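Generate coordinates for the sequence data below:
(one chain, ligands or ions: 1)
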Amino acid sequence: MPTPDTLRLRSVSKVYGSAARSVTALNQITTEFRAGSFTAVMGPSGSGKSTLLHCAAGLDRPTSGEVLLGDTDLGELDETRLTELRRERIGFVFQSYNLVSALTAAQNVALPLRLAGRRPQPGAVDGALAEVGLAARGAHRPSELSGGEQQRVALARALVTRPAAVFADEPTGALDSKTSRDVLTLLRAVVDRHRQTVVMVTHDPVAAAYADRVLVMVDGRITQELTAPLTAESVALASRGGLSC
Ligand SMILES: Nc1ncnc2c1ncn2[C@@H]1O[C@H](COP(=O)(O)OP(=O)(O)OP(=O)(O)O)[C@@H](O)[C@H]1O
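Next up is the predicted model:
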C-alpha cells in the first residue's frame, strides 16, 4: 500500500496543439514520488521537465493518464476542488520568487492561508520565517531583501500550509553558489524533518545531488533514474547520457 501522501503518475501524456503542429511534451510517464522523498528532474531544454512538474502539481491537466495524490485522482476534481487541493496540500517555489512586492515578507508568507480563507494560527507565519532563518525580516518588503532571502521567503510561503508536496522549478537558477546551497539545505531539511515530498527541476548537477533520486528526461520520457548516493559528478555524467538505468 502506498503511504497516504505518495504522488503517483500513471501513463501521463501531455500533447500541446493539434494535428500537424502538435508537440508531445510528456510521453506516457509512469513514476511515483514517495512521501518524504526528494527528487530532482533534469534533462535538456524542451525535454518536458516543467510540464511534468505542472501536471504532477495539478497546475496543468495531462492529455491522458492519471495523477494521484494518495487516493485522490486529480483528474476527477473540478477546477474549484483542484484549486483547493493545490492551496491545502501543495507548495510551489519558482526561479523568479513570485513574491508580491507591495507586501511584507510576513504578509507574503501568510498569503496562501488568507487565500484559503484561513486566519493564520498565532506563530504559524513567524515559525515558517524562523524555519528559513528569516525570523527578524518579517517586516521587510521583497525589494529590501537579497535574492537568496527572497527565495527563502518564497520557501516559507510554500511551507506555511504544511503541504504534502513542494514543487520547485529551478529554485536556485538565479542565485550564486553559496546562496543556492542555503536554499538546497533548507529543501533537504523539509524532507528530512517533516517527511514532506520535494520535486525540483534543475539544470545544475550540484543542486540535483542534494536529492535522493534524479530523473533524467529526454523528449518527454524518463530515460534514466539515479538513486542515492548521488554526487555532482555522477549526476553530471548521467544527465549527459553517460550512464544507463
Ligand atoms: N503552452 C505550450 N504550448 C505549446 N508547446 C509547449 C507549451 N509548453 C511547452 N511546450 C513544449 O513542450 C515541450 C516541453 O516543454 P517544457 O517547458 O516542459 O520543457 P523543459 O524541459 O522544462 O524546458 P526548459 O529546460 O527549457 O525549461 C517543448 O517542446 C515546449 O516547446
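
which element follows the longest helix along the chain toward the C-terminus?
For the chain, the longest helix by residue count, based on DSSP state H, is helix 177-194. Elements were assigned by DSSP states H and E; along the chain past helix 177-194, the next helix or strand is strand 197-201.

Parallel or antiparallel, list what pairs with that next one.
On the basis of DSSP bridges, the sheet neighbours of strand 197-201 come out as strand 38-42 (parallel), strand 165-169 (parallel).

Can you show me the CA trace of stretch 46-59 as PDB?
In PDB, the C-alpha atoms belonging to stretch 46-59 read as follows (Å, rounded to 0.1, in the frame of the first residue of the first chain):
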ATOM      1  CA  GLY A  46      12.400  21.300 -24.000                       C
ATOM      2  CA  SER A  47      12.600  17.700 -22.700                       C
ATOM      3  CA  GLY A  48       9.400  18.200 -20.600                       C
ATOM      4  CA  LYS A  49      10.600  18.900 -17.100                       C
ATOM      5  CA  SER A  50       8.400  21.900 -16.400                       C
ATOM      6  CA  THR A  51       5.400  20.200 -18.000                       C
ATOM      7  CA  LEU A  52       6.000  17.200 -15.700                       C
ATOM      8  CA  LEU A  53       6.100  19.400 -12.700                       C
ATOM      9  CA  HIS A  54       3.000  21.300 -13.700                       C
ATOM     10  CA  CYS A  55       1.000  18.100 -14.400                       C
ATOM     11  CA  ALA A  56       2.200  16.500 -11.100                       C
ATOM     12  CA  ALA A  57       1.300  19.600  -9.100                       C
ATOM     13  CA  GLY A  58      -2.200  20.000 -10.600                       C
ATOM     14  CA  LEU A  59      -1.300  23.300 -12.300                       C
END
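
List the buried residues for that stretch?
For stretch 46-59, burial by neighbour count (16 or more other CB atoms under 10 Å) applies to 47, 48, 49, 50, 51, 52, 53, 54, 55, 56, 57, 58. The C-beta positions use only the backbone N, C-alpha and C, and glycine is treated the same way.

host element of the nearest residue to residue 156 once chain neighbours are set aside?
Computed as CB to CB, 6 or more residues apart in numbering, the closest residue to residue 156 that is not its neighbour in sequence is residue 128, at 4.0 Å. Assigned by DSSP H and E, residue 128 belongs to helix 124-131.

Report the buried residues of that helix.
Of the residues in helix 124-131, those buried under the neighbour-count criterion (16+ other CB under 10 Å) are 124, 125, 126, 127, 128, 129, 131.

restrict those residues to those near the ligand?
Contacts with the ligand are made by none of the buried residues of helix 124-131, judged by CB under 6 Å from any ligand atom.

From these, pick the one nearest residue 237.
Of all those, residue 237 sits closest to residue 131, with 34.2 Å by CB to CB.
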